[in-house]
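1. Can you look at this prediction? I've put the sequence above it.
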Amino acid sequence: MSSQPHTALPWVVRRTRLPLLSLRCVDCPSESATTGEGRFRVNANGKLLDVWLLVRCVSCDRTSKLTVRERAPVRSFDPAELHGYRVNDPELVASTLLDPLLARRNRFTLDWTGAWRLDTPSVSLDDAWPVRVEVVFEDPVPVRPERLIARGLGLSRNEVLRRIKCDIPLRRPTSAAFTFTVTATATATATAGD
Ligand SMILES: [Zn+2]
């Protein structure tokens with residue numbers, strides 16, 4: 001039996017929109033906020049700048065300011081970055097929101113529910129076992145490998161545990177690239193019945 005997988009399938013995890021923020025509202029019981037279209041506020045105080053990312057409660061619309069830069073000297077800004085803050089550049093909104101430092105500083109977590117997808121090539125898995133899959137992340141979406149693999153291959157979680165060989169723990173969420181190998185289903189020589 002050949003032990004060297006000859007197929008490497010690329011799987012890509014990418015966001016479909018910006019995630020929500022799990023952030024307690026000060027005005028209502030909601031714990032969910034959104035960046036909406038994405039707006040920064042830049043406030044100049046002499047040669048110092050404050051930059052905030054504005055988010056609003058999904059329930060009552062109350063706006064909160066998340067600190068991005070605080071009393072930072074104007075000259076410490078890349079001019080392109082400063083321009084991006086002023087024109088609410090969508091790429092800069094995304095990279096700012098997804099920066100773990102912003103979440104730590106402003107005490108929120110990202111809620112990725114329904115905000116990402118898994119792209120898999122449509123090929124038949126039937127003829128080429130074992131199959132090696134390489135999972136890459138275009139966005140830092142935390143996924144449980146076990147669930148991702150089950151979804152991508154249409155297997156039950158039990159089957160995943162039986163048929164997947166992987167160097168990282170299958171149950172711990174990750175957003176770093178990893179590879180795994182799918183072994184063929186039980187062959188004719190295996191004991192029948194269950
Ligand atoms: Zn609210």
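-> Received it, and whenever you're ready, just let me know what you need. Predicted, not measured: the structure shown is a model, and the values here were computed from it.

2. who's in contact with G46?
-> For G46, no contacting residues are found, by Cβ atoms under 8 Å, 6 or more residues apart in numbering. For glycine as for every other residue, the C-beta is placed from the backbone atoms N, C-alpha and C.

3. And it, what's its pLDDT?
-> For G46, the model assigns a pLDDT of 92.

4. A8 now?
-> For A8, the pLDDT comes out at 80.

5. Give me the neighbour count for it.
-> 11 (other Cβ atoms under 10 Å).

6. And it, how far from the ion?
-> Per Cβ to the ion, to the nearest Å, A8 is found 47 Å from the ion.

7. wait, what's in contact with that residue?
-> For A8, the contacting residues are 132-134, 179, by Cβ under 8 Å, 6+ apart.

8. With neighbour count, distance to the ion and secondary structure added, can I get the residues you listed in a markdown table?
-> A markdown table is the format used below for the contacts of A8 (neighbours: other Cβ atoms under 10 Å; distance: Cβ to the ion, whole Å; DSSP: H, G, I helix; E, B strand; the rest coil):
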| residue | neighbour count | distance to the ion | secondary structure |
| --- | --- | --- | --- |
| R132 | 16 | 47 | strand |
| V133 | 23 | 42 | strand |
| E134 | 13 | 42 | strand |
| T179 | 17 | 43 | strand |
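
9. Looking at these, which is nearest P10?
-> Of all the contacts of A8, P10 sits closest to E134, with 5.6 Å by Cβ to Cβ.

10. For the closest one, give me its contacts.
-> Taking Cβ under 8 Å, 6+ apart, one finds 8-11, 177-179 in contact with E134.

11. Narrow those to those that are buried.
-> Buried subset of the contacts of E134 (neighbour count, 16 or more other Cβ atoms under 10 Å): 9, 11, 178-179.

12. now for those residues, which pair is the farthest apart?
-> With Cβ to Cβ as the measure, no two of those lie farther apart than L9 and F178, at 13.2 Å.

13. wait, L161 sits on L170?
-> Yes - assessed by Cβ atoms under 8 Å, L161 is found in contact with L170 at 7.0 Å.

14. which one of the two has more residues nearby?
-> The residue with more neighbours, out of L161 and L170, is L170; 19 against 14, by other Cβ under 10 Å.

15. Next, the residue nearest in space to the middle of the chain: phi, psi?
-> Centroid-nearest residue in the chain, with Cα atoms, centre = their mean: V141, separated by 1.4 Å. Torsion angles at V141 (phi, psi; degrees, to the nearest 10) stand at phi -80, psi 120.
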